[in-house]
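Colleague: how would this look folded up:
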Amino acid sequence: MNIILVILDTLRQDHVGAYGNAWIKTPHLDAFAREATLFTRCYPESLPTLPVRRALHTGLRTFPFHGHRDYKGDFSGAPGWGPIPEEQDTMAEVLRAAGYRTAFITDCYHQFKPSKNFHRGFDEWIWIRGQEADPYKSGPPVPPEEIARHMEDPEGNSALADFLRVYLRNNAYRVTEQDYYPARVFSEASRWVWDNQDAEHLFLVVDSFDPHEPWDPPVYYRRLYDPDEDAVDVIQSLYGPWEGRMSPRSLKRLQANYAGEVTMVDRWFGHFMETLRTTGRLEDSVVAVISDHGHNIGHDPGDMGLVSKQGHPMTHAVADLVLMVRHPQGQAAGQVYKGLLYNHDLTATLYALVGTTPPKPLDGFNFWPKVLAGDQHARDYVTVAWGPLVTVITDEWWYNANIWGEGELLFAVRDDPNLEHSLASEKPAVCRELRGLAIQDAGGSIPPEFAGYHSRPGCTPFEDRSGQWKKMWQR
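Modeller: So this is what the prediction gives:
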């Protein structure tokens, strides 16, 4: 049996029709879900982009980030933001040694920055360039009015202007939808499937950086969700609260741009699925679709007033992963699985489904027997780490703080689905117990190097907002 792994960056679970969204247009993901098992409570063990992928490629946890250091030629995205350690085996290496033909097709440029090695073990790897601030093109210059078209305050945010200048220059060549990244990634993946029909066993990873920001789909996708033309065309995250920094009208446009990009990704995922169906690969391949995280885009109250992704306050929009697994024999097709899982549990499960045993033990476990047995209990809890910021999730609780217990937030997940009413001050014993689980996962004590992460956990700085919670959300 073959493995086809599709990774979709920044896809919110609640922006897929199969997960209950009544207005988003994702017909191809929805059709795939009907043939697959849909998982509702899968979480990343570490965030953001690169730690998630390290766990997926290896089946091993990145938390608590032992040996982390910054590398020349890259920014410090977060603890764990680095190459796959040499001593860890990747799925591509293990499966290629077992006779699989392997390929990696992606536009996620972080995996190819200086020192990065995520293409290790693949017989063929394709990097489609130009996303975000990839140093891809040095000219021609972008007209100032084109940059200003995407900014509410063109004179007041030079960092955003510089970022947009690079991104828009990288992508000035685009004319038709076929020039956009989802079309290029999934078309290249389709090409590889056609070219490698002779392979007896294959392992293909298709890693789409979209719907990651900047959210700039062709205008006809955006018009599905915002048909009017009276707004600043905001395409980039604020990485912070939106009130006072963005008008409600511009926020609506940003949300429509994100939704439009989701629909564009869905369309080209459908193109790829049709290739698999036409070539017969759906008949002998397990196909898994997983996101790495989501993004807050001001859908309040659940997004907590944020247009960002961050480790605190952790939201469902960021942490809840899309995960669907389609078995070629139709096992558990159309079922919904609600047990707590990690992203690296998928890695262990894929190994088991094709009957390959990795040479070293994994941190993930094979959840497929539980799916087939209808056993909805997988893990007692999961710990999601973003540097020293931790979120511990059980069937009852959602705990979020830094590992020292600063900024504690505690929500009853069944009674408070949008995580609006923190009970941390009322239930200190529960907070201590859940923080203890995070420390246990860190090895039983807080690693001393965590002290250096306190003020720089990642994309969004840590702010202790726990004391403001009732004022902000229960007013």
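
Colleague: Relative to P241, how far out is the nearest residue to P79 once chain neighbours are set aside?
Modeller: The shortest distance from P79 to any non-neighbouring residue, by C-beta to C-beta, 6 or more residues apart in numbering, is to F65 (4.0 Å). Using the backbone N, CA and C atoms, a C-beta is placed for each residue, glycine as well. Plainly put, F65 is 28 Å away from P241 if you go by C-beta to C-beta, to the nearest Å.

Colleague: what do you get for I105?
Modeller: In terms of C-beta to C-beta, I105 sits 37 Å off from P241.

Colleague: more crowded one of the two?
Modeller: I105 (25 against 18; other C-beta atoms under 10 Å).

Colleague: Enumerate every residue touching the more buried one.
Modeller: Shown in contact with I105 (C-beta atoms under 8 Å, 6 or more residues apart in numbering): 125-126, 128, 185, 188-189, 192, 204-207.

Colleague: let's go with 7 Å and repeat that
Modeller: Going by C-beta atoms under 7 Å, 6 or more residues apart in numbering, I105 touches 126, 185, 188-189, 192, 206.

Colleague: Any regions of the chain where pLDDT drops low?
Modeller: 465-475 (pLDDT under 70).

Colleague: quick one: the residue nearest the centre of it and I403, what's the gap?
Modeller: Centroid-nearest residue in the chain, with C-alpha atoms, centre = their mean: D292, separated by 2.0 Å. Per C-beta to C-beta, D292 is found 22 Å from I403.

Colleague: And R69, by the same measure?
Modeller: Distance from R69 to I403, by C-beta to C-beta: 19 Å.

Colleague: Hmm, R253 is touching A231, no?
Modeller: Yes. Under the criterion of C-beta atoms under 7 Å, R253 makes contact with A231 at 4.0 Å.

Colleague: picking that back up, from what I can see the residue nearest to P79 touches G77, true?
Modeller: No. Using C-beta under 7 Å, F65 is not in contact with G77, being 11.8 Å away.

Colleague: Looking at these two, which has the bigger crowd around it?
Modeller: F65 (23 against 19).

Colleague: Can you tell me the element that one falls in?
Modeller: Assigned by DSSP states H and E, F65 belongs to neither a helix nor a strand.

Colleague: List of residues touching stretch 445-461?
Modeller: 48, 64, 76-79, 239-240, 308-311, 386-389, 403, 439.

Colleague: helix or strand right after the longest helix along the chain?
Modeller: The longest helix of the chain (DSSP state H) is helix 248-279. Following helix 248-279 in sequence order, the next helix or strand is strand 285-291 (DSSP H and E).

Colleague: Which strands or helices does that following strand pack on?
Modeller: Here strand 285-291 touches strand 2-8, strand 323-326, helix 343-353, going by 3 or more C-beta pairs under 7 Å, 6 or more residues apart in numbering; DSSP states H and E.

Colleague: how about 8 Å then?
Modeller: Where contact means 3 or more C-beta pairs under 8 Å, 6 or more residues apart in numbering; DSSP states H and E, strand 285-291 is packed against strand 2-8, helix 27-34, helix 248-279, strand 323-326, helix 343-353.

Colleague: That one pairs with which strands, parallel or anti?
Modeller: strand 2-8 (parallel), strand 323-326 (antiparallel) (DSSP bridges).

Colleague: Quick one: closest of these to A172.
Modeller: strand 2-8 (25.5 Å; C-beta to C-beta).

Colleague: Please parse this structure into its domains.
Modeller: 2-137+172-373, 382-473 (automatic domain parsing).

Colleague: As JSON lines, those with distance to P144 would be great.
Modeller: As requested, these are arranged in JSON lines below (distance: least, C-beta to C-beta, whole Å):
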{"stretch": "domain 2-137+172-373", "distance to P144": "14"}
{"stretch": "domain 382-473", "distance to P144": "27"}
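
Colleague: Deepest in the core, which of those domains is it.
Modeller: domain 2-137+172-373 (a mean of 20; mean count of other C-beta atoms under 10 Å).

Colleague: hmm, who's touching stretch 148-166?
Modeller: Here stretch 148-166 has contacts from 132-135, 142, 144, 147, 214, 216, 232-236, 245-247, 250, using C-beta under 8 Å, 6+ apart.
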